[in-house]
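Participant: Got a predicted structure plus its sequence, pasted below:
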Amino acid sequence: MDKDRVAGTAKQTKGAVKETLGNLTGDAKLKAEGQADKMAGKAQNAVGGAKDAVRDAVDPKKP
């Protein structure tokens, strides 16, 4: 698994927490930051997935 996938998942989780806190407190800025973090995490996760796919295509024997 690529480090970008791990970091992307962490960023998505952080964004979800921020978004939830923003919803609970009525803080629109915190909610928007959370949504932005979630989207950035999804993008980073996708980059990591693409790297994994390329790595698997080049050397399919590695787990």
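Facilitator: Now that the structure is in, tell me what you want to look at. Residues are numbered from 1 along each chain as shown.
Participant: Could you use CA atoms for every contact and neighbour count after this?
Facilitator: OK.
Participant: quick one: contacts for the nearest residue to residue 46 once chain neighbours are set aside?
Facilitator: Distances taken as CA to CA, 6 or more residues apart in numbering place residue 5 nearest to residue 46, at 7.2 Å, with adjacent residues excluded. Neighbour list for residue 5: 44-49 [criterion: CA atoms under 8 Å, 6 or more residues apart in numbering].
Participant: Need phi/psi at residue 5.
Facilitator: The phi/psi pair for residue 5 (degrees, to the nearest 10) reads phi -70, psi -40.
Participant: quick one: pLDDT of it?
Facilitator: pLDDT recorded at residue 5 is 92.
Participant: Roughly how far does it sit from residue 57?
Facilitator: Distance, residue 5 to residue 57, by CA to CA, to the nearest Å: 18 Å.
Participant: ditto for residue 51
Facilitator: To residue 57, residue 51 is 10 Å away according to CA to CA.
Participant: Please convert the buried members of the contacts of residue 5 into PyMOL selection syntax.
Facilitator: Of those, the buried ones can be selected in PyMOL as follows, counting by 16 or more other CA atoms under 10 Å:
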select buried, resi 44+45+47+48+49
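Participant: Which members of the contacts of residue 5 are the farthest-apart pair?
Facilitator: Farthest-apart pair in those is 44 and 49; separation 8.6 Å (CA to CA).
Participant: Could you tell me the model confidence score at the residue sitting nearest the centre point of the chain?
Facilitator: For the chain, the residue nearest the mean C-alpha position is residue 41 (2.2 Å; CA atoms, centre = their mean). Looking at residue 41, its pLDDT stands at 96.
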